[in-house]
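> All I have is the shape, not the residue letters:
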């Protein structure tokens, strides 16, 4: 079992969100269009054993890294997003949504770039809740060209000049290449908090301030299952050493969170509110957005983790890709004093 120096439990920083509106966060990541198609199940097709769905409506939401930016903005923070968008229908729709939500956008576009899009078809019978039947993913099949990666790195350098914190959202679509990671390491070394959420490549984000894996991502990094608290502690401490980060925030679903620091401390934070989730889509985006904005507002790692834990508990009670507003967070904090 790994050596453990428990961190002293902290009180909830209930007034910290009041400072969010004055803080500036830079989002660097894969900007994804979450495309929802709603319909009514009609009958089974004669062509194949599949359901026929009668189209009712459709909508596009900010997804992936774009959802992280939307969450920072919903919490009243100032946010600039850096990423890549195609000159296509979904790229235009994301630009419109960014402008509508008040997120400043520094994006690289051009020939050969296709907007990352996740199309979900949700259907059901008359007067029933629509359920997801199919997801279709579209986007970049090949890696981004060197000139695009260099342009992204320049955008990050420029946009970071007036940022209080950086949040990185890597969904594996290519924005977080070597050139951008090199800039992020320099920003972290210079003292700017850089918080990373990487779906597939956590090991490539060494030398940054904070990493936020969920338990499956921690297992992938450790190379073995995390089945017990002892497994968790050993894997968490090993991850901090391997990544060279100052803190590691592990999200554990209905088991809450675990916060590890570089001094060997660990803080096990129980889940806030109801343990049963309605929908966990994008919950990690809300957690990393709240955590980074809290650091930007002067919170310690422990305080930021507790606020992120509360925000995460609120967003999983909402269906689909969603955000949590500062008013919702403040109301929940007041109700649990």
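On my side now, so go ahead. Note that the structure is predicted; figures quoted are calculated from it, not measured.

> what does stretch 196-209 contact?
Here stretch 196-209 makes contact (C-beta atoms under 8 Å, 6 or more residues apart in numbering) with 68, 167-172, 176, 181, 184-185, 188-189, 192-195, 210-213, 217, 220-221, 242-247, 284-285, 288. (C-beta placed from N, C-alpha, C; glycine too.)

> Can you point out the buried residues in it?
Going by neighbour count (16 or more other C-beta atoms under 10 Å), the buried part of stretch 196-209 is 196-199, 202, 205, 208-209.

> Residue 74 versus the residue nearest to the spatial centre of the chain, what's the distance?
Residue closest to the average C-alpha location in the chain (C-alpha atoms, centre = their mean): residue 285, at 2.4 Å. According to C-beta to C-beta, to the nearest Å, residue 285 stands 11 Å off from residue 74.

> What of residue 141?
On the measure of C-beta to C-beta, residue 141 and residue 74 end up 32 Å apart.

> next one: residue 16
Going from residue 16 to residue 74 by C-beta to C-beta gives 16 Å.

> how about the strands of the stretch 201-337 of the chain, start to end?
In the stretch 201-337 of the chain, the strands defined using DSSP state E, counting those that start in this stretch lie at 210-211, 247-251, 257-261, 265-269.

> Compare those strands and report which one is nearest to residue 55.
Nearest to residue 55, of all the strands of the stretch 201-337 of the chain, is strand 247-251, at 35.7 Å by C-beta to C-beta.

> so how far is the closest one off the chain centroid?
Using C-alpha atoms, centre = their mean, to the nearest Å, the distance from the centre of strand 247-251 to the centre of the chain it belongs to is 13 Å.

> quick one: average confidence on that strand?
Mean per-residue pLDDT for strand 247-251: 98.

> and that strand, what does it pack onto?
Here strand 247-251 touches strand 210-211, helix 215-222, helix 229-243, strand 257-261, helix 283-296, helix 301-315, going by 3 or more C-beta pairs under 8 Å, 6 or more residues apart in numbering; DSSP states H and E.

> Go again with 10 Å.
Here strand 247-251 touches strand 194-198, strand 210-211, helix 215-222, helix 229-243, strand 257-261, strand 265-269, helix 283-296, helix 301-315, going by 3 or more C-beta pairs under 10 Å, 6 or more residues apart in numbering; DSSP states H and E.

> Let me have the strands of the stretch 201-337 of the chain in CSV, adding distance to residue 50 and mean neighbour count as columns.
Converted to CSV, the strands of the stretch 201-337 of the chain look like this (distance: least, C-beta to C-beta, whole Å; neighbours: other C-beta atoms under 10 Å):
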stretch, distance to residue 50, mean neighbour count
strand 210-211, 41, 30
strand 247-251, 35, 26
strand 257-261, 40, 24
strand 265-269, 44, 20
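
> can you list those in JSON lines and add distance to residue 279?
What follows is the strands of the stretch 201-337 of the chain, written out as JSON lines (distance: least, C-beta to C-beta, whole Å):
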{"stretch": "strand 210-211", "distance to residue 279": "25"}
{"stretch": "strand 247-251", "distance to residue 279": "15"}
{"stretch": "strand 257-261", "distance to residue 279": "19"}
{"stretch": "strand 265-269", "distance to residue 279": "22"}
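
> Relative to residue 317, which of those strands is closest?
strand 247-251 (16.0 Å).

> And stretch 324-337, what's buried?
By 16+ other C-beta under 10 Å, the buried positions in stretch 324-337 come out as 324-326, 328-330, 332-333.

> that older thread, looking at the strands of the stretch 201-337 of the chain, which is closest to residue 147?
Ranking the strands of the stretch 201-337 of the chain by proximity to residue 147 (C-beta to C-beta) places strand 210-211 first, at 28.9 Å.

> Report the next helix or strand after the helix or strand bottoming out on mean pLDDT in the chain in sequence order.
The least trusted helix or strand in the chain, going by mean pLDDT, DSSP states H and E, turns out to be strand 5-6, with a mean of 48. Downstream of strand 5-6, the next assigned helix or strand under DSSP states H and E is strand 24-29.
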